[in-house]
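Asks: any chance you could fold what I've pasted below:
(one chain, ligands or ions: 1)
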Amino acid sequence: MCGASLESGHRHVIDLEARRLMCTCRPCFLLFTHRGAAQGKLRSVSERYLRLPKVEVSDIPVGVAFFIREGDRVKAFYPSPAGATEANVSAEVWDEMVAAVPGIAAMEEQVEALLVSRNESWIVPVDACYELVGRIRRTWRGFDGGSEARREMDAFFSGLGAGMVQ
Ligand SMILES: [Zn+2]
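Replies: Take a look at the predicted model:
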């Protein structure tokens, strides 16, 4: 963003209008956090990983989905070997999910996502979800994903527990 050279494990700022992630150095990242002085279309992607009680979602193609809120609208994203498929979530369905697991309401719009697998639910930084989409694209084989994709997903979710994704 400012041209400083970046270490691995650097953070991201999201352009809310273009929906684009930009790599940032630490000082730039802090500028666009919640508490940072800057306002406008740029926002730092959050850094928290919050485990929630299990959220029940039916019909998830590869066993994992994530949800991003933007104002009153919520979109569901279903990773697949071809990338992530996007679908609108009705207000009724979203309200039912929040009623079942009230912790969902704490999710910040656009910079955080609700990530749901068959066994676990998390509020995560949105860039962690894009990382997962990339891993699934790279490793998925055949109809059920195969052992490498399963290993990648298991590693991803245990990394969430350790706050180690990215
Ligand atoms: Zn910078």
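Asks: near the ion, which residues of the protein are found?
Replies: Residues of the chain lying near the ion by C-beta under 5 Å from the ion: 1-2, 4, 25, 28. No exception for glycine: its C-beta is placed from N, CA and C like everyone else's.
Asks: filter those residues down to the buried ones.
Replies: Burial by neighbour count, judged by 16 or more other C-beta atoms under 10 Å, picks out 1, 25, 28 from these.
Asks: hang on, the earlier thing: let me have the residues of the chain next to the ion in a markdown table, extended by pLDDT and secondary structure.
Replies: As requested, the residues of the chain next to the ion are exported to a markdown table (pLDDT from 0 to 100; DSSP: H, G, I helix; E, B strand; the rest coil):
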| residue | pLDDT | secondary structure |
| --- | --- | --- |
| Met1 | 78 | coil |
| Cys2 | 84 | coil |
| Ala4 | 85 | coil |
| Cys25 | 90 | coil |
| Cys28 | 87 | helix |
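Asks: this structure: helices as residue ranges?
Replies: 26-31, 91-100, 126-139, 146-161 (DSSP state H).
Asks: okay, the ones you listed, which one's buried deepest?
Replies: helix 126-139 (a mean of 19; mean count of other C-beta atoms under 10 Å).
Asks: and the angle for that helix with helix 146-161?
Replies: Angle of helix 126-139 versus helix 146-161, following axes from the mean of the first three to the mean of the last three C-alpha atoms, to 10 degrees, is 160 degrees.
Asks: from the chain's centroid, how far away is helix 126-139?
Replies: What separates the centre of helix 126-139 from the centre of its chain is 9 Å, taken as C-alpha atoms, centre = their mean, to the nearest Å.
Asks: which intervals of the chain have sub-threshold pLDDT?
Replies: 34-39, 163-166 (pLDDT under 70).
Asks: let's go with 80 and repeat that
Replies: Low-confidence segments of the chain (pLDDT under 80): 1, 7-9, 34-40, 58-61, 161-166.
Asks: domain map for it?
Replies: Listed by automatic domain parsing, the domain ranges of the chain are 11-44, 50-161.
Asks: and the end-to-end length of the shortest one?
Replies: The stretch domain 11-44 measures 8 Å between its terminal residues, going by C-alpha to C-alpha, to the nearest Å.
Asks: thanks a lot, see you next time.
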